[in-house]
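J.: Give me coordinates for this.
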Amino acid sequence: MKPWESPCERAELACVHALQALPASERAPIQAHIDGCLHCRHELESLRPVVDRFVLWPIDVLRPPTSLQARLAQRIAGTSGKPLAGPPAPRWSEPDWEQVAPGIECKLLATDGARYRVSMLVRLAPGAHYPAHTHAGTEELHLLDGELWINERKLRPGDYSCCAPGTADQRVWSETGCTCVLLTSTRDILQ
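T.: Numbers count the residues shown, from 1 in each chain. Just a heads-up that it's a prediction; the model follows:
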């Protein structure tokens with residue numbers, strides 16, 4: 001037996017289970033196998049400290065590019081004689097649009113509760129107005145499509161707006177409808 005081979009043919013699934021990368025439908029069966037297989041149980045126990053340290057790594061380090069995943073799969077298939085296994089299907093699901101006011105929808109992308117920051121996609125229907133507000137923190141807006149008026153300034157696709165804390169927007173509206181990326185404070189004061 002080679003050093004990388006295992007006496008249990010399901011040991012590789014135990015490793016994937018340790019990484020919490022198995023589809024939900026496969027978790028219970030592999031856990032039942034691990035409970036009954038001494039080798040897989042030892043394998044899982046030896047991996048736990050390593051997996052626990054992954055929490056401290058940036059996410060992009062843990063998710064190699066698809067091209068690398070494909071090359072690794074080909075190499076593993078070539079040396080093991082097993083069929084080629086492609087990269088796992090993406091598990092991210094896009095958040096839904098949520099209507100927050102008449103004609104205004106948001107899609108939350110990220111929140112930072114410690115800094116009271118939020119990033120989101122915002123979509124205004126044609127003719128929609130956003131309430132006047134004072135910025136509690138820096139507000140950054142990047143217009144993706146449509147046209148957006150902020151006070152007396154007209155933004156077009158690709159335009160960027162940055163507002164300092166304490167400044168106010170008295171009138172924000174779109175005649176055509178628009179979509180933008182917005183990074184702002186959760187403590188803005190609506191007037």
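
J.: quick one: buried residues of stretch 140-148?
T.: The neighbour-count criterion (16 or more other CB atoms under 10 Å) identifies Leu141, Leu143, Gly146, Glu147, Leu148 as the buried residues of stretch 140-148. Backbone N, C-alpha and C define where each C-beta goes, glycine included.

J.: Can you pull the poorly scored residue ranges out of this protein?
T.: 1-6, 52-64, 85-93 (pLDDT under 70).

J.: okay, now the domains of it?
T.: As assigned by automatic domain parsing, the chain contains the domains 11-80, 98-190.

J.: what about the shortest one, how long is it end to end?
T.: Terminal residues of domain 11-80 are spaced 14 Å apart (CA to CA, to the nearest Å).

J.: just the helices in this structure please.
T.: 11-18, 24-36, 38-54, 59-62, 66-80 (DSSP state H).

J.: hey, which of the ones you listed is tucked in deepest?
T.: helix 11-18 (a mean of 18; mean count of other CB atoms under 10 Å).

J.: And the nearest residue to Tyr160 once chain neighbours are set aside, how far from Leu182?
T.: Nearest-residue entry for Tyr160: His142, 5.2 Å, with adjacent residues in sequence omitted and distances by CB to CB, 6 or more residues apart in numbering. His142 is 8 Å from Leu182, where distance means CB to CB, to the nearest Å.

J.: try Val118
T.: 8 Å.

J.: likewise His17?
T.: In terms of CB to CB, His17 sits 39 Å off from Leu182.

J.: Show me where the protein has its strands.
T.: Secondary structure of the chain (DSSP state E): strands at 98-101, 104-112, 117-124, 129-130, 133-134, 139-146, 148-150, 153-155, 160-163, 168-169, 172-173, 178-185, 189-190.

J.: Deepest-packed of those, please.
T.: Taking mean count of other CB under 10 Å, strand 148-150 is the most buried of these, at a mean of 21.

J.: Dihedrals phi and psi, the residue nearest to Cys37 when sequence neighbours are not counted?
T.: Computed as CB to CB, 6+ apart, the closest residue to Cys37 that is not its neighbour in sequence is Cys8, at 5.6 Å. Per-residue torsions, Cys8: phi -120, psi 130 (degrees, to the nearest 10).
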